[in-house]
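*Asks:* Okay, predicted coordinates and the sequence, questions at the end:
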Amino acid sequence: MTNGPCPGVRTVFFSLADRARTGRPVNQETGGPWQAPYLGRMKRIRILFILLVFGQTVTASEIPTGRLDNPYQVVLQHLYWLQKDTYRPPMSAWAMPEGVDSTEAVKRSIQLKQILDGKGLYVHLDNIPRDADYRDSVTGQTRYVLFPLELPVVYVEMQNGSWRYSRETWEAIPQLHRSVYPFGSDRLITLFGKGSHETFMGIARWQWGGILGLVLGLFVLYWILYFLFIPLLRGIFQRIGFYKPEEFRTLQHFDRYFTLLILARLALTGIPALMLPAGINVWLLHGIRIAAWLMVLMMGLRFIDLAFGYLRRMADRTDTPTDNQILPFLRRGAQAGLWILVLIPVLRLLDVNFTALIAGLSIGGLALALAAQDTVKNLISTLIIFIDHPYRLGDYIKAAGVEGTVVEIGFRSTRMMTIDSSVITIPNSNMINDEITNLGVRQFRLIHFMIGVTYDTDPGRMEAYIHALREMALAHPDTLDEHVMIYLSGLNASSIDIRFRTAILAPDIRTEYQIQEELVMAIIRHAQMLGISFAFPSQSLYVEQWPVADGKEEDLPEDREEARRDMVEKLTREWSDRRTKTDSPSLSLREDKPSGSG
């Protein structure tokens, strides 16, 4: 094959702009009109629109010269003569390698364009170099690869002083064509498109029928696969322990996205067989590929939900809270990583220039670093919290002016639930820099308050009351004997004060309040039994003597002392029975107490 025109083929160049203006193409050799039937104005405009939008088209100024002296001229020569109104396959075959059979060259030039159309790869002629001495920046060879990622074997190279498609491309075309059009699906245009010249929006009638059939087929297949995969996936996830009945909705979503991903793959296989115009294929196939990646994203997020649900159940079986503390951190990391893995191919499908993007990020890196100081500080503080363990999930703490239970430790902040169920978010940097009081790790909790009785209480009753409080506190199963301190404290303005202080064994704040309630109720009952009245701030004017009888202190009646002892024994039995029924956990810092005291 030579660089000149093929024998028997008349070389004709015409201007699309002249054709749109005059209604007739202009013969560039003679300057006269080309002999062709007259086309109406609306039909001319429609054809020009279809050429410019729906196909691998070239503009009016991009007419091949027949001189293959740079990569741009090779690709232009190949595509220009395979357009609808410039369909001259033998002239397109000039771009094939030298020395090949002319008939096979025509066939493979057509197949190469079908490959580009079927894969939805649009050739941007403006991006192709026009330098005759062009060299690849990576390999340094005189070659230009049209689509390095999608079709690395399709490239043009210098051959004996002219540029042409490479021998490797020539040999790969049949295999590539079979992969894009499996089972000979490219023959559909021969079977259904022969003689079908009527089009709507640039698409033939048989192609519209193929689109409708493909949509209906995928719709029916969706419901078949959806109901087929539900029991299959449920069985697989149950076997590996990922699935529980309460997670059925999550499994349904996973199945739906998995089914849609399969249908997207089938659509990518079936659409090229319709041989739609390249422009439509570009948008359609790119849209389906982007949708497929979104299905991968949603399916991955549902899988993360199922997997971390399983890990959370495993962590609940362990005694240490560290597992529950780390799991939310790892879950968000897995979700962020999945987003990044999906975002990269989607941006590539949208033709985002990664070189310019990276350059822009490097230029704005300083501003980003300055703006992200607090974020970085919080991330470092999060690592310190995980290493130092100043608090864990479930601990009741006081920090940064807030008191509550730790419900979540995240990348940037810690969330605490206060006693009124409000959730407060505090940056981790504030938590590290502030003083933290961890009330959740206390081995015992201190109860300390003052009991004020009225001044009309005689010393005998006061001593009996204090003695009764000590016995009661020592008899309680959750108090520590060595920390029981109940003494007469002093004389206040309107009361005689008794200091009540004891340490209790309580693993959490709820148990602490329960034990405190039991002790306060016992204090009130003993006061009622002994006839003790509690004082409150008041002002009164009265004249009264100390309550004595014949110069002696009033003795406590025998029956009342016996009733007091019976109350202590009754409370002791009641507390012991309550502990046995509720089986509340407590820390074993001392030997079990006897059931009562005398």
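*Replies:* Done, it's in.
*Asks:* can we go C-alpha only for contacts and neighbour counts from here?
*Replies:* Noted.
*Asks:* Look up the pLDDT of the closest residue in space to Leu469 that isn't next to it in sequence for me, please.
*Replies:* Nearest residue to Leu469 in three dimensions, chain neighbours excluded: Ile523, at 6.7 Å (CA to CA, 6 or more residues apart in numbering). Ile523 carries a pLDDT value of 94.
*Asks:* Which helix or strand contains Ile523?
*Replies:* Assigned by DSSP states H and E, Ile523 belongs to helix 509-530.
*Asks:* Show me what counts as buried in that helix.
*Replies:* Within helix 509-530, the residues scored as buried using 16 or more other CA atoms under 10 Å are 511-512, 515-516, 519, 522-523, 526-527, 530.
*Asks:* Helix or strand for Trp575, just tell me which one.
*Replies:* helix 558-582.
*Asks:* sorry, that was for Trp206
*Replies:* Counting by DSSP H and E, Trp206 is part of helix 205-240.
*Asks:* Check which element follows that helix along the chain.
*Replies:* Counting by DSSP H and E, the next helix or strand C-terminal to helix 205-240 is helix 248-270.
*Asks:* could you say what helices and strands that following helix packs with?
*Replies:* For helix 248-270, the elements it packs on are helix 205-240, helix 278-316, judged by 3 or more CA pairs under 8 Å, 6 or more residues apart in numbering; DSSP states H and E.
*Asks:* and if we set it to 10 Å?
*Replies:* helix 102-118, helix 167-180, helix 205-240, helix 278-316 (3 or more CA pairs under 10 Å, 6 or more residues apart in numbering; DSSP states H and E).
*Asks:* Just the buried positions in it, please.
*Replies:* Here helix 248-270 shows 250-264, 267-270 as buried, counting by 16+ other CA under 10 Å.
*Asks:* could I get it in PDB with only the CA atoms?
*Replies:* The C-alpha coordinates for helix 248-270 follow below in PDB (Å, rounded to 0.1, in the frame of the first residue of the first chain):
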ATOM      1  CA  PHE A 248     -32.500  -8.200  56.800                       C
ATOM      2  CA  ARG A 249     -33.100  -4.700  55.400                       C
ATOM      3  CA  THR A 250     -29.300  -4.200  55.000                       C
ATOM      4  CA  LEU A 251     -29.100  -7.500  53.200                       C
ATOM      5  CA  GLN A 252     -31.900  -6.500  50.900                       C
ATOM      6  CA  HIS A 253     -30.000  -3.300  50.000                       C
ATOM      7  CA  PHE A 254     -26.800  -5.300  49.400                       C
ATOM      8  CA  ASP A 255     -28.700  -7.700  47.100                       C
ATOM      9  CA  ARG A 256     -30.300  -4.900  45.200                       C
ATOM     10  CA  TYR A 257     -27.000  -3.100  44.500                       C
ATOM     11  CA  PHE A 258     -25.400  -6.400  43.600                       C
ATOM     12  CA  THR A 259     -28.100  -7.200  41.100                       C
ATOM     13  CA  LEU A 260     -27.900  -3.800  39.500                       C
ATOM     14  CA  LEU A 261     -24.100  -4.200  39.200                       C
ATOM     15  CA  ILE A 262     -24.600  -7.400  37.200                       C
ATOM     16  CA  LEU A 263     -27.200  -5.700  35.000                       C
ATOM     17  CA  ALA A 264     -24.800  -2.800  34.400                       C
ATOM     18  CA  ARG A 265     -22.200  -5.300  33.300                       C
ATOM     19  CA  LEU A 266     -24.600  -7.000  30.900                       C
ATOM     20  CA  ALA A 267     -25.700  -3.600  29.500                       C
ATOM     21  CA  LEU A 268     -22.000  -2.700  28.800                       C
ATOM     22  CA  THR A 269     -21.800  -5.900  26.800                       C
ATOM     23  CA  GLY A 270     -25.000  -5.500  24.900                       C
END
